[in-house]
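**Q** pasting the sequence and the predicted coordinates here, then a few questions.
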Amino acid sequence: MKVSEGIKVYFGNIYESVTTISMGMWITFKTAFFERKVTLQYPSHDIIEGQAKDASLPEQKNLPPPFEHLLGASQQNYRGPLNTQLTERYRGLLGYDELKCISCLLCAQNCPIDVIRVKGVKIEGRKGKAPTTFRIDYSKCMFCGFCVEVCPTDAVFFTRQFEGATFEYRTLIREFISPELYLERLQLAEVAKKKAIEKKKKKQENEEKEQ
Ligand code: SF4
Ligand code: SF4
């Protein structure tokens, strides 16, 4: 390398170092002195409106909407409740549609850590078994998706709900079948059982007559 070229590279490096450091320092300076500071009181305040979610919470200084642009770069296009911005495939808390469930137990059997508990009974006018118990222990779930994959009716699925934090452990165990529905199902199961016995009896009688 010629001496002139070496000098060129040397000063070029100095120039590059000074300009990149200056750019970084300018961004820090601009953020520190010219940009408005925002503290989001999440989750007690709504992330869009800046309003307290729960009226019982102590009143805090609300942010005047709109302030979306003040959120991080990943939220630049934020225009609604946060979970609408999550992808379709986002694995949030598990959801359940009891009308689709046939109580096949596949989800419970395929869960590696025993998160789901299912029980069902045979009732009239319902495909498979009608669930009498469907319980999810959210404190254990690791969002692996095995239950969702094996469910033949899409009764169990991932929602985009991610706000699952709580101060009470028991609130993480969710019963999807209400006590009223549970009792109703047991009664319907009794009716279905009696009808099935009567049907069997009649069939036997008819067979005996034919003989
Ligand atoms: S996502 Fe995985 S850990 Fe959670 S309930 Fe389903 S199978 Fe079990
Ligand atoms: S796999 Fe689906 S249909 Fe079967 S018990 Fe679970 S939720 Fe119900």
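**A** Good, I have the coordinates. Numbers count the residues shown, from 1 in each chain. Ligands and ions are numbered 1, 2, ... in the order given.

**Q** contacts only, for the residue nearest to the spatial centre of the chain.
**A** For the chain, the residue nearest the mean C-alpha position is residue 92 (2.2 Å; Cα atoms, centre = their mean). Residues in contact with residue 92, defined by Cβ atoms under 8 Å, 6 or more residues apart in numbering, are 83, 86, 158, 159, 160, 161, 162. C-betas here are computed from N, CA, C, even on glycine.

**Q** find me the pLDDT at it, would you?
**A** pLDDT recorded at residue 92 is 83.

**Q** could you look up the SS state of it?
**A** Secondary structure of residue 92, reduced to three states by DSSP: H, G, I helix; E, B strand; the rest coil: coil.

**Q** how about the strands of this protein, start to end?
**A** Remark: strands assigned in the chain by DSSP state E are 94-96, 116-121, 130-137, 156-158, 173-175.

**Q** same list, those, but as a markdown table with distance to residue 146 and mean neighbour count please.
**A** Output for the strands of the chain, formatted as a markdown table (distance: least, Cβ to Cβ, whole Å; neighbours: other Cβ atoms under 10 Å):
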| stretch | distance to residue 146 | mean neighbour count |
| --- | --- | --- |
| strand 94-96 | 11 | 20 |
| strand 116-121 | 10 | 20 |
| strand 130-137 | 13 | 20 |
| strand 156-158 | 10 | 19 |
| strand 173-175 | 19 | 13 |
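
**Q** near ligand 2, which residues of the chain?
**A** 101-107, 118, 150-153, 155-156 (Cβ under 6 Å from any ligand atom).

**Q** let me know the closest of these to residue 194.
**A** Taking Cβ to Cβ as the measure, residue 194 lies nearest residue 103 of the residues of the chain next to ligand 2, at 20.3 Å.
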